[in-house]
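**Student:** dropping a prediction and its sequence here:
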Amino acid sequence: MQNLLLTLLVAIVGGTIALKLKVPAGAMIGAMISVAIFNIVLGKAYFPVNAKIVTQIAAGAFVGAGITYRDIISLKSIIKPAVIITFGMISINLIMGYLMHKFTGIDLVTSLFACAPGGIVDMSIISSDLGADASKVAILQLVRLMGVMLILPSLLKLICNKLGVCIVKENTEVEKKENLNNNNIQNLFMTLAVGGIFGTIGYILKIPAGAMTFSMISVGVFNIFSSRGYMPLTLRRITQMCAGALIGERMTFNDLIGIGDILFPALMILVGIIVTNLALGFLISRNSNLEITTALFSSAPGGMSDMTLIADELGADTPKVAVLQLVRVISVIALFPIIIKYISELLT
């Protein structure tokens, strides 16, 4: 309990400082870096695994509370972007895995799983079943995730600012109505109850990203029919700090030492991911009705809840980002292992 409280305190302090410095996605980035340093130096960072589920449910509820009937009607416009993301990301990451294998000497199966834009835990567990070096996959996936969280928000914000399409939500309607009167308190409790119940069901059913997806859909339906979905901005900040703490808590001193041995493949993955994200984002924007901010965050290979929360801060269409991120997660978890297994059997 003491380590959990210390971790939360470090995350809050780090996230608050980053917000004061106006770092993009500062609540999450600040919490992640501060908790990672805390764990590397003292080795005492602790965040329960179940907190990930709570964080996903809260993130889903936040997105769902902003869904309107107009958003549902417009979802038909994401069919083409979903196809581009699925086939584009799988094709490019297979190429990246092959190049890593050729240039670094890491075996092909390990290289392919290390490049897969899925979750650290998911890819590590699945990779061990197919004969990959699971520890190497886990470290490379951790470096990928932390690199994405550190670099992509600032990079995407810079690109959107250059294009004149970035709208940072600092004094939005969401923030203005964050006065906790009786109606808002009731709406908040109902929103959390709906998201919590259905998010838990999604988790129990073991559906990929089920906690966030079920929470988002259920709260979205609740808001469409009642207009009472409500999640205050402060709660979003807390959710982001918890998400950052979850990522930072995984970084240990041994991981820091181990990075030296995999620095080159890690840089390959990071550069490849950024190029892939930008290429797919602009391709989607040019071939669909999605504006560039939404397209870039929809194809960003970070965590589904993380990218959705950050996208909301920068003015993207969060319901579309969330759905397209879900498509990415499902396609990676469902299709990547099958493809990699087929490739490994073909080569043996």
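**Tutor:** That came through fine. Computed from a predicted model, the values in this text were never measured in an experiment.
**Student:** which residues touch stretch 62-77?
**Tutor:** Applying CB atoms under 8 Å, 6 or more residues apart in numbering, the contact partners of stretch 62-77 are 174, 191, 195, 215-224, 229-231, 235-236, 239, 288-290, 308-309, 312, 317-320, 322-323. Just so you know, the C-beta spots here come from the backbone N, C-alpha and C atoms, and that holds for glycine as well.
**Student:** swap that for stretch 282-289, sorry
**Tutor:** For stretch 282-289, contacts defined as CB under 8 Å, 6+ apart pick out 77-78, 80-81, 84-85, 88, 290-292, 295-296, 298-299.
**Student:** give me the buried positions along it.
**Tutor:** Judged by neighbour count (16 or more other CB atoms under 10 Å), stretch 282-289 contains these buried residues: 283, 284, 285, 288.
**Student:** now intersect these with the helices, please.
**Tutor:** 283, 284, 285 (DSSP state H).
**Student:** ok, the first one to residue 7 distance?
**Tutor:** Taking CB to CB, to the nearest Å as the criterion, residue 283 is separated from residue 7 by 40 Å.
**Student:** again with residue 159
**Tutor:** 33 Å.
**Student:** residues near residue 43, how many?
**Tutor:** For residue 43, the neighbour count with other CB atoms under 10 Å is 12.
**Student:** for the one 3 residues further on, same thing?
**Tutor:** Counted with other CB under 10 Å, residues neighbouring residue 46 total 18.
**Student:** show the pLDDT at residue 187.
**Tutor:** pLDDT for residue 187: 90.
**Student:** buried set for the strand or helix carrying it?
**Tutor:** Counting by DSSP states H and E, the element that carries residue 187 is helix 182-204. For helix 182-204, the buried set under the neighbour-count rule, 16+ other CB under 10 Å, comprises 187-188, 190-192, 194-196, 198-200, 202-203.
**Student:** in JSON lines, list these along with distance to residue 58.
**Tutor:** As requested, the buried residues of helix 182-204 are exported to JSON lines (distance: CB to CB, whole Å):
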{"residue": "187", "distance to residue 58": "15"}
{"residue": "188", "distance to residue 58": "11"}
{"residue": "190", "distance to residue 58": "15"}
{"residue": "191", "distance to residue 58": "10"}
{"residue": "192", "distance to residue 58": "8"}
{"residue": "194", "distance to residue 58": "12"}
{"residue": "195", "distance to residue 58": "7"}
{"residue": "196", "distance to residue 58": "9"}
{"residue": "198", "distance to residue 58": "13"}
{"residue": "199", "distance to residue 58": "9"}
{"residue": "200", "distance to residue 58": "12"}
{"residue": "202", "distance to residue 58": "13"}
{"residue": "203", "distance to residue 58": "13"}
